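1. predicted model and sequence below, questions to follow.
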Amino acid sequence: MIPSMYYTGRTPYYHQPAVWDPFQEFRAAFPAESRFELKKLDWKETPEAHVFVAELPGLKRNEVMVEVEEGRVLCIRGEKSVEKEVSGDMWQRVERSSGSFVRRFKLPESAKLDKLTACMENGVLTITVPKKEAKHYPKRTIEIHGGE
């Protein structure tokens, strides 16, 4: 029993009615375990830049694309190829996923889109988006005009 001082009167999120998903059958046909997804990504903001770090194990630099789309949207996309089958080989178990992925992030107004850099080492993609310098206005007193 939940004490009344903690009860808000709202139905907990795990008891909410299911929302209709038009892609439910498609997702069931291709379970998440069989698709490659960019799940592990960190976005850190420093005083100088926005830094994105993504884990992309097994991918090479030429299999990943970083773009800035219209509306200040950073787009990371790529594809992990399926290993070529050799005749005579018989798979006992397949747990590594393959396929294409895409992730998009809306960048803030302070981002310098023309200075964006990307580097990939050991399956870790690092994208650095420098920030514009913030304008600092000196403190000043404004004279008030009026009839009195």
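-> Good, I have the coordinates.
2. residue nearest the centroid of the chain?
-> Centroid check for the chain by C-alpha atoms, centre = their mean gives R103 as the closest residue, at 5.0 Å.
3. what's near enough to touch that one?
-> Neighbouring residues of R103 by C-beta atoms under 8 Å, 6 or more residues apart in numbering: 38, 41, 54, 75-77. Heads up, the C-betas are built off the backbone N, CA and C, glycines and all.
4. report the buried residues of the helix or strand hosting it.
-> Per DSSP states H and E: R103 is located in strand 99-106. Buried residues in strand 99-106, defined by neighbour count with 16 or more other C-beta atoms under 10 Å: 101, 105.
5. neighbouring strands - and their directions - for it?
-> If you go by DSSP bridges, strand 99-106 pairs up with strand 73-80 (antiparallel).
6. in which helix or strand would I find the nearest residue to T117 once chain neighbours are set aside?
-> Excluding the flanking residues, the one nearest T117 by C-beta to C-beta, 6 or more residues apart in numbering is T128, at 5.0 Å. Element membership for T128, per DSSP H and E: strand 124-130.
7. could you check the angle that strand makes with strand 73-80?
-> 160 degrees (axes from the mean of the first three to the mean of the last three C-alpha atoms, to 10 degrees).
8. show residues contacting strand 124-130.
-> By C-beta under 8 Å, 6+ apart, strand 124-130 touches 48-56, 64, 66, 74, 76, 107, 111-113, 115-120.
9. dump the C-alpha coordinates for it into PDB.
-> Output of strand 124-130 as PDB, limited to C-alpha atoms (Å, rounded to 0.1, in the frame of the first residue of the first chain):
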ATOM      1  CA  VAL A 124      34.300   5.500 -30.900                       C
ATOM      2  CA  LEU A 125      33.000   8.500 -32.900                       C
ATOM      3  CA  THR A 126      33.700  11.900 -31.300                       C
ATOM      4  CA  ILE A 127      31.900  15.000 -32.800                       C
ATOM      5  CA  THR A 128      32.900  18.400 -31.600                       C
ATOM      6  CA  VAL A 129      30.600  21.400 -32.400                       C
ATOM      7  CA  PRO A 130      32.300  24.600 -31.200                       C
END
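10. so how do I select the buried members of the contacts of R103 in ChimeraX?
-> Buried subset of the contacts of R103, written as a ChimeraX selection, criterion 16+ other C-beta under 10 Å:
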select :38,54,76
